[in-house]
Every structure is written in structure tokens, then in C-alpha cells.
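J.: Need a 3D model of the following:
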Amino acid sequence: MVKFFQSPALGEFGGKLRGQDKENGGKMKLTDKTCKNAKPQEKPYKLFDGGGLYLEVLPHGSKLWRLKYRYLGIEKRFSLGAYPLITLAEAREKREEAKKLLTQDIDPSMARQDNREAIVRNAANTFEVIAREWHENQKGRWSDNHYNNVMHRMERDIFPYMGKKPIKSIDAPVLLSVLRRIEKRGALDIAGRTRQICGQVFRYGIVTGKCSRDPTPDLRGALKTRKTKHFAAIDAKELPELLQAIERNDARLYNRTRRAIKLSMLTFVRPGELRKARWEEIDFDEKEWRIPAERMKMKREHIVPLSRQAIVLLKEQKEETGNINTPLVFPSQIKPRQPMSDGTVRIALQKLGFKDRMTAHGFRALARTTIREKLDYDPDVIECQLAHKAAGPLGEAYNRAQFLDKRKVMMQDWANYVDSVATHGTVVTFRKVRK
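T.: Numbering: from 1, shown residues only. This is a model prediction of the structure:
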């Protein structure tokens, strides 16, 4: 049983509290005037208000509100703050709040302690703290570039507006107001990607016990979206025009830039994979380029069979850059220890007259469509060479050597096909050419 002491005139069992009349001047209830005029004495004394509430006046002049109650048969005291910072009316409100807790079999002292601990936890579990912890766990799983970009995006667009909020207190409207700031500057794609990042942080918070739900699914349909725009890529029928433009080189591109364009076409790897290629990854004897997992989007080592034409280009590149102290196949012209710019091939294609028609990434779409339609290769073999997950059970069974023999033949056929188009200036359809 939980119980407060009774009014000042009555003890717990109905008798008078000894000394009560003397201390309160014979009054049953306190007034603000009584509290204000209470003077310190040689020893502490109490002014009772009833229901266990009293004001304790200390010799040095401090006046402290206390609440006396019983919980599970044990007498306890509960501090409510100092007078006049806590007024008489506020002290009485706190007494009533404590009474309500006791009727629910909750100890007010323990409830306060739990609340303080929750405040401390919330202060330590802000969105920024949890986001940085989650972000640190991605080190080694992501490329350095992606790792840095994600943190930059959070530091610019998220932390200033809700980084200091306890993660468990952030709901859908709060998150939406932050994402709308990004949306208003026209960065619709970034707003969508930022929502995805926040979702990953919330889910990390859930599994680590820092929050109970992820509000990002509630925002579906709330943000503006831009119509999907694919990377520009020419059709197979435009391939002769591109090859002729590369050969004429009216734009006066560096030879290494032209090689980068040609290798993009022959290997159809992602632009970042080509830019950061290292000589240690190239095996001229086996005619293979092994791209390590950390540089691949799917985080799996990828084998690129090298055609005779690709080998020739790589040897020319090695001969040109051999006197440069760099492990990179395509070093920057200015800083050879760094890869060439991510815009090098794209800008070169623009100078060749293919602005808005072709991009570095577009070589993947060109090869994918042309090899399927003109060389008649199985889609699973093509997707595997693109480092995509193949549809159906083959996708789950992926390994670096999957379809490798077929891919070696396909990559040589593709290089032969490109040579044929460059030589004759026309696009033809033929079946798995062998030369």
C-alpha cells in the first residue's frame, strides 16, 4: 500500500503531528506570505501545508520544498525544489502529480530518477551522434568518395536543423521540414537520397536500442520527384559517327584521353572503375583486369576479360606514362598521383560533338544493347560482365568467374565488332564473330 501523510493536524494514523501548531503558528495551510516571512533559526524547522508537503527552512536562509510519503510501508522524502523559485502553488501541483504516481504504484523518487536517466540518454543519443556512429561503421564497406559525400551531405543539410534533437523524438513532420529545405533549392534527387540516408540512420538506431521507429516510410509521396533521366547514350547506328570523330580528333584531345574513351567502349566498366584503374590490377599474360571489391558498386571483385584491342591500348598507355611515378593507369595530367578527373571523358565527348548524346556511363548501355541485338549473346552473360545481378537464381549465385569463358569470347567479339564498324563505317548484324 502507498500512502501520503495526512493533513498537518493529523498524523498517518489520525493523531496530531507533534509541534505542528507551534511551527505553523496554529494555521492549517501555508500561504505565500507565511513562506516569504519565514526567518532562519538556529536549527532547521518545517512549515507544513498538508498531504505530506512542507517547507523546510534552513539556518543559512535557504527554503526547500519537501514531500513526505510512504511507499511499500517505507517512509520517504522527496525534494521539490527551492522557494521562491518554486512557488507554493507550483509545489502543490508537484504534490498532486506525485499523488497520481502513487495511485499507480509508482514511487515518485524512482520516477524522477528514471526521467533524469532518460534525459541523459537522450542528450547522448542525438540524431547527429547516432548518425556519426552509423557512418563510421560503413568505413571499408563504401568507397572513400561515397563515404565522404554522405557525411558532407549530413553536415550540410541535416545536422544544422535536427542534429541536436534526440533521435527518438524525431517524427515524420520534423524530418519533412528538414528535407523541404533541400527541395526548395531544386535539389530533388538529393532530397530523396538524403531521406534514404536518414532511414538507414533510424534503422541503425532501432537495432541499437536508441529509437523505436523509422519515420521515413511515412514520407512516401510527400516529396517532389523528378522524372527519371537515364545517362545519355547513342544508338548502335550512331557508333560509326562516334568512332570517326575519335579518329579525326578535331577536338585535339590528348592521346591518353582518347584511349580512355576507347577503353570505356571496349570494357564498358563504370567511369569510376576506369579512372581509378591501377597497373597492379592488369594481367597482360592472362589478358584480365581484376577490379578489387572495394572499388565495385556491388562490393565484389570483378573480372574484365581484355580483348587484343584493349591490350594494345593499355600497352600504349603504359609506354606513355611509364616515366611517371604513379600506380594509376589514367593519372591526372596535373597531379599524377591522383586519377584523372571524373569529367574528363564526358567533356571529351562533348568536344567531339556528342553533348547531350553520349556520356562515359553511356558506353554501358551502348554495349548492353548492341551485344544483345547484333551479337546475339545471352542476357545473363552480358549482365554478368556489366557486374549486375542476373535475374533469377543466377543472380544469387554470382561469383567473379561466372560465365568467364563465355565472357572472354564475348569481349573479343565486341572488340572485333567495333573494329569492323570503324573500318567499314556501317552497322551490321552478325553472329559471334571469331577473328
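J.: what are the ranges of the strands in the stretch 1-150 of the chain?
T.: Using DSSP state E, counting those that start in this stretch, the strands of the stretch 1-150 of the chain run over residues 3-4, 45-50, 53-57, 63-71, 74-83.
J.: mean confidence for the shortest one?
T.: Spelled out, that is strand 3-4. Mean per-residue pLDDT for strand 3-4: 46.
J.: do the same with the fourth one
T.: pLDDT averaged over strand 63-71 equals 92, rounded to a whole number.
J.: circling back: would you mind finding the most buried of the strands of the stretch 1-150 of the chain?
T.: Mean neighbours per residue, mean count of other Cβ atoms under 10 Å, is largest over the strands of the stretch 1-150 of the chain for strand 53-57, with a mean of 23. Where C-beta positions appear, they are placed from N, C-alpha and C, glycine not excepted.
J.: Nearest to residue 103, out of the strands of the stretch 1-150 of the chain?
T.: Closest approach to residue 103 among those is made by strand 3-4 (10.4 Å; Cβ to Cβ).
J.: picking up where we left off before, make CSV out of the strands of the stretch 1-150 of the chain and add distance to residue 221.
T.: As requested, the strands of the stretch 1-150 of the chain are arranged in CSV below (distance: least, Cβ to Cβ, whole Å):
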stretch, distance to residue 221
strand 3-4, 53
strand 45-50, 56
strand 53-57, 53
strand 63-71, 50
strand 74-83, 48
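J.: out of the ones you listed, nearest to residue 263?
T.: When the strands of the stretch 1-150 of the chain are compared by Cβ to Cβ, strand 74-83 sits nearest residue 263, at 74.4 Å.
J.: name the helices or strands packed onto the closest one?
T.: Counting contacts by 3 or more Cβ pairs under 8 Å, 6 or more residues apart in numbering; DSSP states H and E, strand 74-83 is packed against strand 63-71, helix 88-103, helix 108-124.
J.: Pull the contacting residues for residue 232.
T.: 356, 357, 358, 359, 362 (Cβ atoms under 8 Å, 6 or more residues apart in numbering).
J.: can you count the residues close to residue 37?
T.: Using other Cβ atoms under 10 Å, residue 37 has 8 neighbouring residues.
J.: Would you mind measuring from it to residue 49?
T.: 15 Å (Cβ to Cβ, to the nearest Å).
J.: for the helices and strands packed on strand 74-83, which one sits closest to residue 305?
T.: Using Cβ to Cβ, those put helix 108-124 closest to residue 305, at 52.5 Å.
J.: hang on, isn't residue 36 packed against residue 84?
T.: Yes. Counting by Cβ atoms under 8 Å, residue 84 is a contact partner of residue 36 at 7.2 Å.
J.: Please enumerate the strands of the stretch 251-400 of the chain.
T.: Listed in chain order, the strands of the stretch 251-400 of the chain (DSSP E, counting those that start in this stretch) span 282-283, 288-291, 302-305.
J.: how about TSV for the ones you listed, with distance to residue 99 and mean neighbour count added?
T.: Putting the strands of the stretch 251-400 of the chain into TSV (distance: least, Cβ to Cβ, whole Å; neighbours: other Cβ atoms under 10 Å) gives the following:
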stretch	distance to residue 99	mean neighbour count
strand 282-283	79	16
strand 288-291	70	19
strand 302-305	69	22
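J.: want to throw these into JSON lines with mean pLDDT?
T.: Shown next, in JSON lines, are these (pLDDT from 0 to 100):
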{"stretch": "strand 282-283", "mean pLDDT": "96"}
{"stretch": "strand 288-291", "mean pLDDT": "95"}
{"stretch": "strand 302-305", "mean pLDDT": "94"}
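J.: Nearest to residue 150 among those would be which one?
T.: Of these, nearest to residue 150 by Cβ to Cβ is strand 288-291, at 22.1 Å.
J.: strand partners of that closest one, parallel vs antiparallel please.
T.: strand 282-283 (antiparallel), strand 302-305 (antiparallel) (DSSP bridges).
J.: which residues touch the residue positioned nearest the centre of the chain?
T.: With distances taken as Cα atoms, centre = their mean, the chain has residue 197 as the residue nearest its mean C-alpha position (3.2 Å). Contact analysis of residue 197 by Cβ under 8 Å, 6+ apart lists 150, 153, 154, 158.
J.: Tell me where the chain is predicted with low confidence.
T.: Flagging of the chain using pLDDT under 70 yields the residue ranges 1-28, 117, 119-123, 226-230, 389-400, 425-435.
J.: domains of it?
T.: As recorded under automatic domain parsing, the domains making up the chain are 3-108, 127-219, 236-424.
J.: Give me the distance between the second one and the centre of its chain.
T.: When C-alpha coordinates are averaged (Cα atoms, centre = their mean, to the nearest Å), domain 127-219 and its chain have centres 5 Å apart.
J.: With the last one instead?
T.: For domain 236-424, the separation from the chain centroid amounts to 30 Å (computed by Cα atoms, centre = their mean).
J.: distance between the ends of it?
T.: Terminal residues of domain 236-424 are spaced 14 Å apart (Cα to Cα, to the nearest Å).
J.: List the residues that contact residue 196.
T.: Here residue 196 is in contact with residue 216 (Cβ under 8 Å, 6+ apart).
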